[in-house]
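Student: Next comes the sequence, and after it the predicted model I'd like to discuss.
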Amino acid sequence: MDVDEITAHFTRASGDYAFARWGRAIAPVVFGVDDATLSVMKGALEAVCQMAGHELTEMDPELGVNFMVFFFRDWDELRHVPDLDRLIPDLAPLVDRLEEADANQYRIFRFDEAGAIRACFVFLRMDEHLSAVPAETLALSQVVQSMLLWSDTAFTDRSPLALVPGGATVLRPEIGALIRAAYDPVMPASASDPSHALRLSARLGMAQ
């Protein structure tokens with residue numbers, strides 16, 4: 001992956017470069033799934049965090065949990081989740097917009113004073129399309145897209161995942177390498193200058 005490709009993964013449609021990684025251990029909770037799917041989600045989190053060299057934990061000392069994943073059938077269900085509007089103050093108008101757009105997923109990040117990811121909320125409306133996606137693929141895709149503040153256009157043309165012979169779905173090697181470079185301790189937790197992509201490229205080069 002060259003510098004231009006790296007830059008594109010963190011350049012938003014507005015033209016702004018915006019990068020962030022988690023600045024604390026991830027304390028996850030998943031709502032709306034059975035034990036089997038919960039295990040798959042946990043496995044995907046463990047695998048990606050291990051690859052990135054980032055920590056998972058049972059409890060965040062400040063927030064309790066900081067990575068919430070909601071599975072549901074209709075956006076209206078979010079209006080009835082107790083206290084969710086306290087975590088997401090603009091919940092009602094957001095749900096209205098998602099219903100109007102017929103969206104099946106949405107992701108919200110919160111950041112700390114240093115610009116690092118402090119919390120992430122993932123909403124998955126299990127419509128016909130998402131319901132047809134294998135649980136392992138869906139879990140891995142959502143975890144990967146939640147590990148960094150990617151561009152809003154980063155994966156519109158190409159998934160971060162790939163099929164390998166035999167039908168298994170895996171993380172594309174270049175995306176895995178980019179995540180590892182982003183979590184290198186010498187790299188900043190957040191960046192708004194495109195020169196950051198040059199540093200990422202250098203870390204990738206050192207790893208090869």
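Tutor: Thanks, I have the structure now.

Student: neighbouring contacts of stretch 161-171?
Tutor: 48, 51, 134, 136-137, 140-141, 144, 160, 172 (CB atoms under 8 Å, 6 or more residues apart in numbering). In short, each C-beta sits where N, CA and C put it, glycine included.

Student: Of those, which is the nearest to Asp74?
Tutor: Ser141 (21.5 Å; CB to CB).

Student: Compute the number of surrounding residues for the closest one.
Tutor: Using other CB atoms under 10 Å, Ser141 is surrounded by 19 other residues.

Student: in which helix or strand would I find it?
Tutor: helix 135-147 (DSSP states H and E).

Student: which helices and strands does that helix pack with?
Tutor: helix 35-52, strand 105-111, strand 117-125, strand 161-163, strand 169-171, helix 173-182 (3 or more CB pairs under 8 Å, 6 or more residues apart in numbering; DSSP states H and E).

Student: Now render those as TSV, adding mean pLDDT and distance to Ala92.
Tutor: Shown next, in TSV, are the helices and strands packed on helix 135-147 (pLDDT from 0 to 100; distance: least, CB to CB, whole Å):
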stretch	mean pLDDT	distance to Ala92
helix 35-52	94	27
strand 105-111	95	14
strand 117-125	97	14
strand 161-163	90	33
strand 169-171	91	36
helix 173-182	96	34
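
Student: which of the ones you listed sits most buried?
Tutor: Ranked by average neighbour count under the criterion mean count of other CB atoms under 10 Å, the helices and strands packed on helix 135-147 are headed by strand 117-125 at a mean of 21.
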